[in-house]
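J.: Using only what follows, build the 3D model:
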Amino acid sequence: MTAETPRQRRPRYRAPDPKYMTFVEHLQELRQRLVKSLAAIAVGSIGGWFLAPWTIHKLEEPVRKAFHITLIGTQVYAGFTLQLKIAVIIGFIFALPITVYQLWGFLAPAFGPKAYRWAPIWIGAFLLLFVAGGVTGFLVVPLALTFFAKFQGSDIKIFPIATDYVNFIALIMVVFGISFETPLALVSLTASGVTSSRWLASKRLHAFFACFIFSTIATPGADLVSPLILGGILYILFELGVAISRLMGH
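T.: Residues are numbered from 1 along each chain as shown. As a prediction, this is how the structure comes out:
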């Protein structure tokens with residue numbers, strides 16, 4: 001009798017090491033993560049469709065107070081288009097945790113193996129700062145509208161178009177949300193050794209002017225309120241990032 005040979009086990013699949021991935025493999029990974037993020041946004045947009053009417057009502061309140069008029073549409077399908085756009089925006093907000101997680105999973109290998117231990121803190125901080133920035137941007141909108149309403153007189157009447165107004169608010173919220181990530185970006189750069197808190201502190205004057213130049217370019221419209229508020233907050237966040245980096249010893 002011959003001894004039975006043990007069955008050979010199939011090797012378990014292991015994800016490729018990011019250090020040795022080719023450019024094409026990186027693109028494939030990026031595509032997979034984008035597909036997951038878009039799927040999450042699509043699912044979130046379904047729930048956003050039902051929340052859109054209430055959201056539109058809330059977004060319209062600053063217009064009614066500033067211009068004493070409601071939003072208007074220029075096409076017969078304007079109501080449907082507006083509700084669909086709001087639904088997608090809400091879907092993006094709902095899917096933000098998944099999207100940030102996919103972003104972290106793609107970028108984390110560049111910061112070394114220790115970066116994975118900081119994943120919960122990094123993702124939590126990113127979400128918290130982005131939401132705080134978006135809320136701050138939304139609170140700035142009424143101030144900007146009040147500034148613009150002062151130029152409405154007997155010779156000109158302003159009739160805000162719904163889609164343009166939503167684009168205006170969305171852009172402000174995104175700009176503020178991204179700008180609020182400044183401390184996290186600075187801490188990540190110092191932790192990875194790209195820069196240091198001492199070097200950043202030596203560039204305070206440059207950072208001060210850069211914050212207000214960026215806020216002037218990034219904020220939509222031509223009001224004086226949004227750039228001043230965003231510029232001031234940006235510089236405070238810059239100092240916060242430097243302080244945290246110094247406390248961490250970087």
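J.: Please, where are all the strands along the chain?
T.: For the chain, applying DSSP state E gives no strands.
J.: hey, which helix is longest across it?
T.: In the chain, taking DSSP state H as the definition, the longest helix is helix 23-67.
J.: quick one: contacts for the residue nearest to Glu60 when sequence neighbours are not counted?
T.: Distances taken as C-beta to C-beta, 6 or more residues apart in numbering place Leu71 nearest to Glu60, at 5.6 Å, with adjacent residues excluded. The C-beta positions use only the backbone N, C-alpha and C, and glycine is treated the same way. Contacts for Leu71 were tallied using C-beta atoms under 8 Å, 6 or more residues apart in numbering; they are 60, 63, 160-162, 165.
J.: What does the pLDDT read for Leu71?
T.: Per-residue pLDDT puts Leu71 at 84.
J.: Lowest pLDDT pick from the contacts of Leu71?
T.: Checking pLDDT across the contacts of Leu71, the minimum falls on Pro160 at 82.
J.: dump the residue contacts of that one.
T.: Applying C-beta under 8 Å, 6+ apart, the residues near Pro160 are 63, 67, 69, 71-72.
J.: any idea how far the longest helix of the chain is from the chain center?
T.: 11 Å (C-alpha atoms, centre = their mean, to the nearest Å).
J.: For Pro120, the count of nearby residues, please.
T.: 10 (other C-beta atoms under 10 Å).
J.: How much space separates it from Leu51?
T.: 28 Å (C-beta to C-beta, to the nearest Å).
J.: where exactly do the helices run in this protein?
T.: 23-67, 78-94, 96-107, 119-149, 162-179, 182-191, 197-202, 204-218, 225-247.
J.: quick one: the fourth one to helix 225-247, angle?
T.: Yep, that's helix 119-149 we're talking about. 160 degrees (axes from the mean of the first three to the mean of the last three C-alpha atoms, to 10 degrees).
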